[in-house]
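Participant: with the sequence up front, the predicted model follows.
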Amino acid sequence: MPPRSVQRTAEIFRVLKDPEIRALWLSDWISDAGSFVTFIALAVYVNKLTGSATAVGLALALRSVPWFTIGPFAGVVADRLDRRAVMVSTHLIRAVLVGCLPFTHAAWQAYVLSVSSAVFAPIFRPARSALLAQVAAGERLVPAVAVTETTHQLLHSVGPAFGGLIVLIFGARNAFFVDAASFVIAAAVLQNVRPRGRPVATTQSAVQDLREGFRAVAGMPAVRTYAALNAGLALGFGGIIALLVTYLRDTLGRPGGEYGVVLSVMGLGTVLTSVAIAATDNHHARTPWVLASVAGVGAFTLAWFEPSFLMLMPIAFAAGLADAGAGIPMTATLPETLPDALRGRAYGVVMALYELTSAVGSLGFAWLGEAGRLGPARGMAAAAATGAALGGMALLAGGARAIRSHERDRLAAISDSARGSAGGGGAASATSGEAG
């Protein structure tokens, strides 16, 4: 008989027996793999068109702009339309836009198509998050989120290599067709998810709906805490990621490819944390994982002492705790506390805040970490200290108390449900015995 901890870990992946959860999971796999192809192909393609590293950086940076500009409004779409239809439509529209990239002949044309495609990502994500909460309701939500997060991180480890291989085989221009095909296939897989129809109809304007989304996030103490916590950690983490490659190459003199190795170790930390959270979620509070996420980002303050490549590995692994330690509890708490009709907007607001602070951290600490200022090592340490401090402040300013209160109520409800099920089973058995 395997240990109970092993059994609980195996039970997490049993959610994939549900055909709808499995369809969402498989669709994510396919579209994520295709996105890595475009990520690599776009960099190679723009570089060939311009011969400029700055042009490549601009092409990649522009793809993040829609997240914190139209992101909150995108959540309104997820709350006004059938969410599966939104996901399928955005996949098909992006397939057309990405499929047009091979026919461009100037960098500005590639920029326009790339940004146009990226606009639909913040529309897709709130719809997907809200639909997942409908498909994997109740106790299945955290295992479903953990499974998708685990596979997402695995793709982050192998995705760049896969994208590079596709570009190597087909060339940068033709590689865009592979991503376009992945969007079409992912949309087809989503047909296995039953449409849930539109959420509650509204006669309000989009601005009024958006205000409701902000009020929903701000009005629920636990959700508000997770939003502030994740935003603070993202500010620091953005700076760490931006400076890490410079630290490896310029300070340690390592090959640039080892940047991917460090990111893979971070991903491993996220994967193991995701599995651990899901295995214990019905029995233990999520509060320790939240504290661990702050400590995980804070671990990079050790970069101040210029650790070797080998010593960087445990620091990176600890930092991987942050993504799952705060992200999964937030993703689960939001549908536990908010009605379905508000979830798309709430997800949109939280994601926009996360992306905005991440972008600010990337730019701000990259500037601060220039050789003439703090340098990459101390810049990373400053980013880590800032992110951990902001996360800690969110918890100290009543946030930890709000999370503990939510966790007491959540675990009490699970316990009451279990006792009710046991009592109902006993009554049913007694009735059956009397009938016999």
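Facilitator: Received, thanks. The structure presented is a predicted model; accordingly, all values stated were derived computationally and were not measured.
Participant: can you give me the helices in the stretch 51-200 of the chain?
Facilitator: Along the stretch 51-200 of the chain, counting by DSSP state H, counting those that start in this stretch, helices occupy 53-62, 65-69, 71-80, 83-100, 107-118, 121-135, 141-170, 172-189.
Participant: wait, the stretch 201-350 of the chain
Facilitator: Under DSSP H, counting those that start in this stretch, the stretch 201-350 of the chain gives helices at 206-219, 221-246, 258-280, 287-298, 309-337, 340-368.
Participant: of all those helices, which one is nearest S182?
Facilitator: helix 258-280 (20.7 Å; C-beta to C-beta). Just so you know, the C-beta spots here come from the backbone N, C-alpha and C atoms, and that holds for glycine as well.
Participant: now that closest one against helix 287-298, angle please.
Facilitator: Calculated by axes from the mean of the first three to the mean of the last three C-alpha atoms, to 10 degrees, helix 258-280 forms an angle of 170 degrees with helix 287-298.
Participant: which helices and strands does helix 258-280 pack with?
Facilitator: Other elements packing on helix 258-280 under the criterion 3 or more C-beta pairs under 8 Å, 6 or more residues apart in numbering; DSSP states H and E are helix 4-12, helix 141-170, helix 221-246, helix 287-298, helix 309-337.
Participant: can I get those in JSON lines including mean neighbour count, mean pLDDT and distance to L113?
Facilitator: As requested, those are exported to JSON lines (neighbours: other C-beta atoms under 10 Å; pLDDT from 0 to 100; distance: least, C-beta to C-beta, whole Å):
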{"stretch": "helix 4-12", "mean neighbour count": "14", "mean pLDDT": "64", "distance to L113": "39"}
{"stretch": "helix 141-170", "mean neighbour count": "20", "mean pLDDT": "77", "distance to L113": "17"}
{"stretch": "helix 221-246", "mean neighbour count": "25", "mean pLDDT": "91", "distance to L113": "25"}
{"stretch": "helix 287-298", "mean neighbour count": "22", "mean pLDDT": "94", "distance to L113": "35"}
{"stretch": "helix 309-337", "mean neighbour count": "22", "mean pLDDT": "90", "distance to L113": "30"}
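Participant: which of those sits closest to G253?
Facilitator: helix 309-337 (9.6 Å).
Participant: if we can go back for a sec, right, so of the helices and strands packed on helix 258-280, which gets closest to L411?
Facilitator: Nearest of those (C-beta to C-beta): helix 287-298, 10.8 Å.
Participant: outside of that closest one, which residues touch it?
Facilitator: Helix 287-298 has contacts (C-beta atoms under 8 Å, 6 or more residues apart in numbering) with 229, 233, 236-237, 240, 269, 273, 277, 318-326, 328-329, 384-385, 387-388, 391-392, 395, 400, 403-404, 407.
Participant: now do stretch 385-393
Facilitator: With C-beta under 8 Å, 6+ apart, stretch 385-393 has contacts from 228-229, 231-237, 239-240, 293-295, 297-298, 301, 326, 361, 365.
Participant: now with 6 Å?
Facilitator: 229, 232-233, 235-237, 294, 297-298, 301 (C-beta atoms under 6 Å, 6 or more residues apart in numbering).
Participant: could you do stretch 334-341 as well?
Facilitator: Looking at what lies outside stretch 334-341 - C-beta under 6 Å, 6+ apart - the contacts are 133, 199-200, 216, 220, 223, 343, 346.
Participant: check contacts around V46.
Facilitator: 55-56, 59, 107, 110.
Participant: confidence-wise, which of those residues comes last?
Facilitator: Of all those, V56 has the smallest pLDDT value, namely 64.
Participant: circling back to that earlier point, compare the helices and strands packed on helix 258-280 and report which one is nearest to R378.
Facilitator: Per C-beta to C-beta, nearest to R378 of the helices and strands packed on helix 258-280: helix 221-246, 9.5 Å.
Participant: could you give the angle of the closest one to helix 287-298?
Facilitator: Going by the same axes, to 10 degrees, helix 221-246 makes 30 degrees with helix 287-298.
Participant: what's the closest non-adjacent residue to T50?
Facilitator: Leaving out its chain neighbours, the residue that sits closest to T50 by C-beta to C-beta, 6 or more residues apart in numbering is A107, at 5.0 Å.
Participant: correct me, but the one you found touches L49?
Facilitator: Yes: counting by C-beta atoms under 6 Å, A107 touches L49, with 4.9 Å between them.
Participant: and K17, how many neighbours does it have?
Facilitator: 8 (other C-beta atoms under 10 Å).
Participant: make 46 the first number, not 1, from now on.
Facilitator: Sure thing, new numbering starts at 46, so read that last one as K62.
Participant: ok, which pair from the contacts of V91 is furthest apart?
Facilitator: Once C-beta to C-beta is applied, those give V101 and A155 as the farthest pair, at 10.6 Å.
Participant: tell me which of those two has more neighbours.
Facilitator: Neighbour totals were compared for V101 and A155, and A155 leads with 22 against 19 (other C-beta under 10 Å).
Participant: next, the distance between the ends of stretch 233-242.
Facilitator: One end of stretch 233-242 sits 18 Å from the other (C-alpha to C-alpha, to the nearest Å).
Participant: name the residues of that stretch that are buried.
Facilitator: 234-235, 238 (16 or more other C-beta atoms under 10 Å).
Participant: hmm, who's touching it?
Facilitator: 64-65, 68, 71-72, 127, 129, 132-133, 179.
Participant: phi and psi next, for G216.
Facilitator: phi 90, psi 160 (degrees, to the nearest 10).
Participant: what do you get for L419?
Facilitator: Dihedral angles (degrees, to the nearest 10) for L419: phi -80, psi -30.
Participant: again with the one 5 residues further on
Facilitator: The phi and psi values for G424, taken as degrees, to the nearest 10, are phi -60, psi -40.
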